[in-house]
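# give me a model of this one.
(2 chains)
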Amino acid sequence: MSSPDRLEVDTVAMETAGLQLAGIRSESTTASELANAIIGSVAPPDAGLGIGDAVSAMGRAWAEGLGLIGDELAALGGKVQQGARVYQLVERSAIGTFTPGGSPSGHPAI
Amino acid sequence: MSRSEALFPYLGDHPAQVTRLSEQLADIEQSLALVGEAVTDTRTQLRQTWVETAADLCDSDIGVLATGLPALAQRLVAARTSVDEHQVVLAAGRRDVDDIRVRYDHQLARYEQASSALSGLIGSTASADFAKADAHKAAMTSANSAMSLIDADYRALAVRCNTSAQTCSAALTASWNGGGQSAGAGAGSALLAQGGMGSGSFRVLHLTRMQQLAAQAEDELKGINEVTLLPEERSARLEDVLDKYGRYADDPDFATALSTSLGQDYFRELPGELGDYQHFWGGGQDGNEDYQLDSRLFAMSAAVLAAATDSEATSHVSADWIADLTHDDRGGVQPGWVVTATDYLRTGVQFPPSYLDAVGQSAIDWERSRPDGSGDPWQGYGNERFNGAEPLSDPPIGRPDPLGAVLDQYSARPDPTSALFTGGPIDPATGRSADPAAGNLMWLLHRSWEGDGADQLGDLLDVMSNPGPNGDPQAAGDVAYNVLTAVALGDDGLGRWLPQGMPSELSGEIRDSVANITARYMGSIIGEAGGQPATGGLFPSGIPGESSVARVDFGQPPDVSMYGDTVPNTSVARALTWLYQDTDNTDVRETLYAGWLTSSGVGAAEGLHEAELANATGDSAAYHREVLELRAHTAASAQVFGLLTQTDVNSFGASDAEAAAKVEEMRSGTKTIVVVGKEIVGATGLPGRILSAGIGIFNNMLIDDVIGTHEGIASDHHNMVNQASAGALTHLSSATVTSLSQLGLPVISELNPSTGVAVGQTATVDTAAVPDAALFTEPDGRLLAYDDIYAAGPGSAERIEAFERWCQGTALFGDTSSLLDYEGEVRDGYNAGLDRAQY
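Model prediction:
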């Protein structure tokens, strides 16, 4: 699809999507904190074997992984928002160039 | 705390804590599900609003998240399920422990009560008290037994709880550590990778950053070699570019983006631009700071070119892009561009096979396209060459040799899968070269290389045909196939088709390497001669100390003689013959000889082992089958050896002497060689040994071994020989005919019977009349097939007549009749000895 075909972009929706992506990060952060909370949550048993060590290792891994996801969501949100702003600039520029009432063709050079 | 609580503590984790853990995991699941749903919604929203390239990139990144998050959530579900199961076991375990404590307390009370009552009876002599005492003792014993059973119950319960904890721990660990990665830093990345969203997701972010940097680098490189730039200004810009982007030069994402935007022109024109700038401002001297900066820019550009053209990397330019580096718009090779493209190879940067093959092929195409191929194909090209190698120096002196530069790179990193060394178009039916002689390889073998190029090519082919302990046997076997078949099929002046006295076009270094390859794959050659199909698997290398090599089908089925016996196919025969014949290099012959020794011995060992096993188990059918196979192997070994040594026996004699130590080494501990010799001798008799061409040295030593005592059979032979013929055959028991001369005459070596070392040898009689070649050889001089030779039995009239003619022609024997007697006697003696060998 050529670039001119894509000038019809809902930049508002796009901006919203960018904000939404960045907002998802908070949920991912929550998940990460929940994972962090399980570290040390199971005490060593009085007798026999327990799962405490495995629980803590799992908590650390999941907290780190979910944190990485959060960082990535924030970065993606930024990218989308940046793209939306670029398109808004293009949109405004196009409106200025193709203002109805100009040349019959709509292009100032013709 | 009661005594039972102290004796029977609760086992494992606290069920309440585990229940809480399960709830926490459910919370994480729920949170993760929310993230996943939100990401999916946003993805859908973005798809509806923005579908351009950058958005696609972003969308793919979000897509990784959207599909990866559910996979991660499933891992949480599996972990939580295991936790719940563990909790059930723990809760039940606690109830069981409570029950155990009650039961134990009851039995303990019972025991103590009986014990107390019993104590009260101590000292009493009333008969009634005796009865009571017995009752109390019985109660104590019963209570004690019950407590033992309770203790056993507790132990069984402990096993169940421990097993549950171990199972649950494994499940929790597997939720993030399925790949076995140790806990600690990076555990989160490991988790994401297992969730299907590891490198893919994060690579997009990296790619975006690299593309941004590449765009900046392109801007800053523009016009950097314009002569309008003052040296100081240019140097500052170069320093800045090198400092900022040098570290990313070998990053495939950066390199591909930069190469694509700069285009092939940048790489083609850079050396010329550097030369022009230096010419204008007076640079270009060794040690000149500007020149050093230019060299660094050239080397950085080489690194970018190498990284961008690596087809194995995730990001890389297309094959067409690489082709356009050396071809014009009409598809013609531009030799000047080829020179420039290969000058980047001199910077010390390691280039990928995809680049080397493409540029190397361009160079070959140019050289081969020139009329009659005469003169220097690169004369007049590469005038603006620039050498960015460290240490810094002026452009290389001498004519450019693009293929030499490519070979340098491959020599540093041999790659048996390289397309540059293949043998022409591939036959789709076999997956191998349809005509190896028509491809690059044959041409490369004959190319007039600069400097030590021929050495390099030979060494490279040698190395590539050896898979080593960790290599790909099949790829290495393909190299061997290409080399040997190309050599065998070459009819453009190669080998034995040359008029006598005319040297081969192959250099000695290449020939040595081809000999190594032949020796390495001698097992396949012998197997093929014996009619064994090469259906995969490995053979020990014919070069001792090397790893196993692939069984190689050299492309043509064995020939079948008129008697239904298989013989080596013509191609292999030609290759072997040529190799051995077309050199005075004793080392080459010894290499082939040693290869034959190893391969024959190993093959015979396998057959012997199988035959012995069958014999031990009483499987007579298997035994006879294995013996037949063993005989086929030894016959094939003899044939191959005959092919190797059929001519120029003087040189073979020298090789014999040099190999004597190896012979002794083999003799000392190799029963298998005994079998080889025994089979050969048993099948042929003395003339057979002669016609087995070179087996004699083994015959003598092996007969000794087979018989067990040298003197027994050897003395018989000695006596018979003395009776039959004196003089030259005095020590026939320890001497034997080692081979035929070029004219088919026997050369007799006298061997030390204890060591097998040749201590004397008759002179080759080259001036004698040519014997009846049809008896032993084909019209072109090649030995007849093994079994063809013995088609006529030694005692037949035909054989006697032929043998008589042969003896008359040798000029070694004066009394033909005695020799005929001798032949029969020796044969009988050998057969008698073999009967005693209890084989």
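# pick out the residue of the stretch 551-700 of chain B closest to chain A.
Per CB to the nearest CB, B:Arg551 is where the stretch 551-700 of chain B lies closest to chain A, at 47.7 Å. Any C-beta I mention is one placed from the backbone N, CA and C, and that applies to glycine too.
# hmm, I was thinking of the stretch 451-600 of chain B
At 33.1 Å from chain A, B:Asn470 is the closest residue in the stretch 451-600 of chain B, using CB to the nearest CB.
# ok, is the longest helix anywhere in chain A in contact with chain B or not?
For chain A, the longest helix by residue count, based on DSSP state H, is helix A:52-97. Yes: for helix A:52-97, a contact with chain B is found by CB under 8 Å from any CB of the partner chain, at A:52-55, A:57-58, A:60-69, A:72-73, A:75-76, A:79-80, A:83-84, A:87.
# the residue of the stretch 451-600 of chain B closest to chain A and B:Ala476, how far apart?
Computed as CB to CB, to the nearest Å, the B:Asn470 to B:Ala476 distance reads 11 Å.
# cool, B:Tyr10 as well?
64 Å.
# higher neighbour count, these two?
For B:Tyr10 versus B:Ala476, neighbours defined as other CB atoms under 10 Å in any protein chain shown are more numerous around B:Ala476 (26 against 20).
# now the helix or strand hosting the more buried one: mean pLDDT?
Element membership for B:Ala476 (DSSP states H and E) is helix B:473-489. The average pLDDT for helix B:473-489 rounds to 82.
# circling back: count the residues that sit near the residue of the stretch 551-700 of chain B closest to chain A.
B:Arg551: 21 neighbours (other CB under 10 Å).
# tell me the contacts of it?
B:477, B:523-524, B:527, B:534-539 (CB atoms under 8 Å, 6 or more residues apart in numbering or on different chains).
# please repeat the previous calculation with a cut-off of 7 Å.
B:524, B:527, B:534, B:536-539 (CB atoms under 7 Å, 6 or more residues apart in numbering or on different chains).
# and the residue of the stretch 51-200 of chain B that's closest to chain A?
For the stretch 51-200 of chain B, CB to the nearest CB, closest residue to chain A: B:Gly188, 2.8 Å.
# please apply the same query to the stretch 1-150 of chain B.
B:Ser31 (3.8 Å).
# which residue packs closest to that residue, ignoring adjacent ones?
Among residues not flanking B:Ser31 along the chain, A:Ala31 sits closest, at 3.8 Å (CB to CB, 6 or more residues apart in numbering or on different chains).
# hang on, that neighbour packs against A:Leu68?
No: taking contacts as CB atoms under 7 Å, A:Ala31 lies outside contact range of A:Leu68: 11.6 Å.
# pick out whichever of these two has more residues nearby.
A:Ala31 (28 against 20).
# contacts for stretch A:29-36?
For stretch A:29-36, contacts defined as CB under 7 Å, 6+ apart pick out A:59, A:62-63, A:66-67, A:70, B:24, B:27-28, B:31-32, B:35.
# in that stretch, what counts as buried?
Neighbour counts over stretch A:29-36 (16 or more other CB atoms under 10 Å in any protein chain shown) mark A:29-32, A:34-35 as buried.
# and stretch B:96-105, by the same measure?
Burial within stretch B:96-105, assessed by neighbour count using 16+ other CB under 10 Å, is assigned to B:96-97, B:100-101, B:103-105.
# from the rest of the structure, what touches it?
B:2, B:4-5, B:7-8, B:10-11, B:147, B:150, B:153-154, B:157.
# next one: phi and psi at B:Leu11?
phi -100, psi 140 (degrees, to the nearest 10).
# quick one, what contacts it?
A:45, A:47-48, B:93, B:97, B:157-158, B:161.
# residues near B:Asp27, how many?
So B:Asp27, with other CB under 10 Å, has 16 neighbours.
# hang on, the earlier thing: could you pick out the buried ones from the residues of helix A:52-97 next to chain B?
When the residues of helix A:52-97 next to chain B are checked for burial by 16+ other CB under 10 Å, the buried set is A:52, A:54-55, A:57-58, A:60-69, A:72-73, A:75-76, A:79-80, A:83-84, A:87.
# would you indicate which residues of the helix or strand hosting the residue nearest to B:Ser31 are buried?
According to DSSP H and E, A:Ala31 maps onto helix A:11-37. For helix A:11-37, a neighbour-count test (16+ other CB under 10 Å) marks A:11, A:13-18, A:20-22, A:24-25, A:27-32, A:34-35 as buried.
# give me the three-state assignment for B:Asp553.
coil (DSSP: H, G, I helix; E, B strand; the rest coil).
# for it, phi and psi?
phi -90, psi 110.
# show me what contacts B:Thr19?
B:Gln87.
# now do B:Gln169, the pLDDT please.
Rather than Gln, residue B:169 is Ser. pLDDT at B:Ser169 comes out at 93.
# tally of neighbours for it?
B:Ser169 has 21 nearby residues by other CB under 10 Å.
# so it versus A:Val42, what's the distance?
Taking CB to CB, one finds B:Ser169 at 10 Å from A:Val42.
# which neighbours do these two share?
Residues touching both B:Ser169 and A:Val42 by CB under 7 Å, 6+ apart: A:Ile51.
# circling back to that earlier point, what pLDDT does the residue of the stretch 1-150 of chain B closest to chain A get?
92.
# regarding it, what is its secondary structure?
helix.
# check contacts around it.
A:27, A:30-31, A:34.
# and what of B:Val317?
Contacts of B:Val317 by CB under 7 Å, 6+ apart are B:256, B:259-260, B:308-309.
# now the strands for chain B?
B:426-427, B:432-433, B:538-539, B:549-550, B:559-560, B:566-567, B:735-740, B:746-751, B:758-761 (DSSP state E).
# out of the buried residues of stretch A:29-36, which is nearest to chain B?
Nearest to chain B out of the buried residues of stretch A:29-36 is A:Ala31 (CB to the nearest CB; 3.8 Å).
# in a markdown table: the contacts of stretch A:29-36, plus distance to B:Val89.
Shown next, in a markdown table, are the contacts of stretch A:29-36 (distance: CB to CB, whole Å):
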| residue | distance to B:Val89 |
| --- | --- |
| A:Gly59 | 22 |
| A:Trp62 | 24 |
| A:Ala63 | 27 |
| A:Leu66 | 29 |
| A:Gly67 | 33 |
| A:Gly70 | 35 |
| B:Gln24 | 19 |
| B:Asp27 | 23 |
| B:Ile28 | 23 |
| B:Ser31 | 28 |
| B:Leu32 | 27 |
| B:Val35 | 32 |
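# what residue ranges in the stretch 501-650 of chain B score low on pLDDT?
B:501-509, B:529-535, B:555-590, B:593-594, B:596-598, B:600-609, B:611-612, B:615-616, B:627-628, B:630-650 (pLDDT under 70).
# go again with 50.
Residue ranges of the stretch 501-650 of chain B with pLDDT under 50: B:501-504, B:557-558, B:565-568, B:583-584, B:646-650.
# so who does the closest residue to chain B within chain A touch?
Relative to chain B, the nearest point of chain A is A:Glu64 (2.8 Å; CB to the nearest CB). Contacts for A:Glu64 were tallied using CB under 7 Å, 6+ apart; they are B:187-188.
# from A:Thr16, how far off is it?
A:Glu64 is 30 Å from A:Thr16, by CB to CB.
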